[in-house]
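1. structure, please.
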Amino acid sequence: MMQQMSVIQQLLLLLFLNINLPRNLDKFLSIFKVGMMKFIPNPFAWFFESYEEDSVYSPPRFRKYGFDGLILKNCGQFFLLFSILAFIHLVTLALTKLVNIQSKILVKIREELGFQLIFKMLINTSFIFLISVLLQLQTMDFGSAFKVVSWSFGLIQALTFSILLGYIFYVYFRMKKSRKRKILKELLEKYAILFEGFIVSKYKPAKPFMAMIIFKRIVSVLFIVLAYNQPRVSTIVLLILAIVYTFVLLTTTPYVNRIEQIFQAIIEVLLIIVYLLMMIFPWAMSDLPEEHPSKIKLGWAVISLCITIIVVVQFRSLVSLYLILKGIFSKDKHKLTKYQQTKVVKLKMGIKQGKIKGSVGLPTQVKRREAFLNLRNNRYYEQH
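-> Next up, the predicted model:
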């Protein structure tokens, strides 16, 4: 779900470029307004009488597609959702700590629906928040209580993303400087949410790729909002950012899961092609009317690529579901015989002493690379 939400918002971003899009593409991209989740009630409408009347400036295309200059009008529904999730987290925590109810179900609920989910949603909906923050902070209008509260929320959100970006690097450099494996392991366990999907080993610093994702989104939104009247600049910046991001993704291979790495690379390459095609509108077709055949054809080309991206994301979700179900219904496929366990112990000792390199002699049931990583991370016996 998080991956779908992230991709939907990346495609929604195209809608706010100050470009005279063909009608077919304009209508297609407007579908992704669902990523703003306006179907969830906005709680601030219940507490401020001036909610409907209050408004501040936002560029024409932003206002046309539902973006006001007030962050609480754009993101109030997310704050309601975050509040509900925070309440669930605190209630389950209280039941386990204060009432002393030891239940795996409560722990699972807290892990899946608590602060971790809030963090994931904040990252994956960051385009909406970042656009709202910029629109809010660039207008110093304090004409009503609602506007004052909204501007305050905008400032808090700006500080949140800035602190988050810096804190990821702070934790990463702490891990890099750490000489003790125990301290490194504790840091990874404590800040696992900041490096989820990028932790190769409990005894090796995780790559701060989350910071790269946040930085890319901040720069993208900065140019779309602040360079609104220069669409040529905006499209070039989006293309350059996508190319640099894809290059870093392919060279550093930050994702532990190889399947995830492949799918992310495919999605980014498709997005590069989308940005290339979007560049044609302001550079070569700015004077053509919306219904011009060339514009319509180019619009269909962009639509087909967007649909391909969505299909890739959905296919990735199906692959994940298949692997989960396979793990549930498999019957100890990776259980080792006593002979194999003895061989693994000898291999482990040889690796520690530097006598053995690589993964020679590992059980055939487990992929050699995965088994070797499990041994090195001291996780092998926990899983088998």
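2. give the buried residues for stretch 288-307.
-> The neighbour-count check on stretch 288-307 (16 or more other C-beta atoms under 10 Å) flags 295, 298-299, 302-303, 305-306 as buried. C-beta: built from backbone N, CA, C; applies to glycine.
3. from those, which land in helices?
-> Using DSSP state H, the members of the buried residues of stretch 288-307 that fall in helices are 295, 298-299, 302-303, 305-306.
4. sorry, back to before: pick the one among the buried residues of stretch 288-307 closest to Leu277.
-> Val302 (5.1 Å; C-beta to C-beta).
5. show the contacting residues for the closest one.
-> 14, 25, 274, 277-278 (C-beta atoms under 8 Å, 6 or more residues apart in numbering).
6. 7 Å instead, please
-> Neighbouring residues of Val302 by C-beta atoms under 7 Å, 6 or more residues apart in numbering: 25, 274, 277-278.
7. in this protein, which residue is most central in space?
-> In the chain, the centroid-proximal residue (C-alpha atoms, centre = their mean) is Asn124; its distance is 4.0 Å.
8. in stretch 15-27, which residues are buried?
-> 15-19, 21-22, 24-26.
9. swap in stretch 259-270?
-> 260-261, 263-264, 266-270.
10. where does pLDDT dip in the stretch 201-350 of the chain?
-> The stretch 201-350 of the chain contains residues with pLDDT under 70 at 201-203, 327-350.
11. could you export the contacts of Val302 as JSON lines, including distance to Gln9 and secondary structure?
-> Formatted as JSON lines, those follow (distance: C-beta to C-beta, whole Å; DSSP: H, G, I helix; E, B strand; the rest coil):
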{"residue": "Leu25", "distance to Gln9": "17", "secondary structure": "helix"}
{"residue": "Val274", "distance to Gln9": "14", "secondary structure": "helix"}
{"residue": "Leu277", "distance to Gln9": "19", "secondary structure": "helix"}
{"residue": "Met278", "distance to Gln9": "16", "secondary structure": "helix"}
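12. now for those, which pair is the farthest apart?
-> Across these (C-beta to C-beta), the longest gap, 10.8 Å, separates Leu25 and Val274.
13. okay, helices next: where are they in the stretch 201-350 of the chain?
-> In the stretch 201-350 of the chain, the segments counted as helices under DSSP state H, counting those that start in this stretch are 209-226, 231-252, 258-284, 293-329, 338-353.
14. and Tyr51, how far is that from Thr139?
-> Distance of Tyr51 to Thr139, computed by C-beta to C-beta, to the nearest Å: 17 Å.
15. how about Asn18?
-> 18 Å.
16. point out where the stretch 1-150 of the chain drops to low pLDDT.
-> If you take pLDDT under 70 as the line, the stretch 1-150 of the chain has these spans: 1-2, 99-103.
17. quick one: the helices in the stretch 1-150 of the chain?
-> Here the stretch 1-150 of the chain has its helices, by DSSP H, counting those that start in this stretch, at 2-12, 23-30, 44-47, 60-64, 71-97, 104-113, 115-124, 126-137, 145-177.
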